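Novice: need a structure here:
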Amino acid sequence: MALAEGTKAPMVSGATNGNGTFSTKECKGAWTVLYFYPKDATSGCTAEACDFRDSMKRLTKLGVRVVGVSPDSVASHEKFITKFDLNFPLVSDEDHAICEAFDTWKEKSMYGRKYMGVERTTYIINPKGVIAKTYEKVKVPGHVDAIISDLAELGA
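Specialist: Numbering: from 1, shown residues only. I've put the predicted structure just below:
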């Protein structure tokens, strides 16, 4: 079960592309869309990232920052960002600590085989560092539009 709306976002940090770091402490004072995805450069994850990229003007107009998180390495993120011209940071969570803190590291099943992986989940974190909206088991088509609509309703 994903983290409930109205709870404080867990305090976590991780390395990002461009030799940067991201910490949920940075969420205070601004609206943040923190999205968790399984793997760089796969079809669904690429579609989701490109949808965020293409909607960035609408998101920044609302004063919102977007941050993606996956278990991929920083080097993998660098290639993904370059290949698809992404315009927001990606956090490397190779030890799954951030995914576990946000309850997105789950047992999954494909073709009868069980394994651990990221369940596609998005959180809107308000300027006070509180989870304002949770999207579980995200379906990519229309997801970013739903986020923008919800952000407007939330007062972003």
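Novice: when you work out contacts or count neighbours from here on, use the C-alpha atoms and nothing else.
Specialist: Will do.
Novice: excluding its backbone neighbours, what's nearest the residue most central in space within the chain?
Specialist: By C-alpha atoms, centre = their mean, the chain has its centre lying nearest to Tyr35, at 1.4 Å. Once flanking residues are discounted, Tyr35 sits nearest to Thr122: 4.2 Å by C-alpha to C-alpha, 6 or more residues apart in numbering.
Novice: in its sheet, what does the helix or strand containing that neighbour sit against?
Specialist: Using DSSP states H and E, Thr122 sits in strand 121-125. In the sheet, strand 121-125 lines up against strand 31-36 (antiparallel), strand 131-135 (antiparallel) (DSSP bridges).
Novice: how far is the helix or strand bottoming out on mean pLDDT in the chain from where the chain is centred?
Specialist: The weakest-scoring helix or strand in the chain, judged by mean pLDDT, DSSP states H and E, is strand 105-110 (a mean of 85). Strand 105-110 sits 18 Å away from the centroid of its parent chain (C-alpha atoms, centre = their mean, to the nearest Å).
Novice: list the neighbours of that strand that are in contact with it.
Specialist: Strand 105-110 is contacted from outside by His96, Cys99, Lys114, Tyr115, Met116, Gly117, Val118, Glu119, using C-alpha atoms under 8 Å, 6 or more residues apart in numbering.
Novice: any chance of those in JSON lines, plus pLDDT?
Specialist: What follows is the contacts of strand 105-110, written out as JSON lines (pLDDT from 0 to 100):
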{"residue": "His96", "pLDDT": "95"}
{"residue": "Cys99", "pLDDT": "95"}
{"residue": "Lys114", "pLDDT": "89"}
{"residue": "Tyr115", "pLDDT": "84"}
{"residue": "Met116", "pLDDT": "88"}
{"residue": "Gly117", "pLDDT": "89"}
{"residue": "Val118", "pLDDT": "93"}
{"residue": "Glu119", "pLDDT": "93"}
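Novice: narrow the residues you listed to those in helices?
Specialist: Among the contacts of strand 105-110, DSSP state H puts Cys99 in helices.
Novice: can you select the buried ones among the contacts of strand 105-110 for me in PyMOL?
Specialist: Only the buried entries of the contacts of strand 105-110 go into this PyMOL selection, using 16 or more other C-alpha atoms under 10 Å:
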select buried, resi 96+99+117+118+119
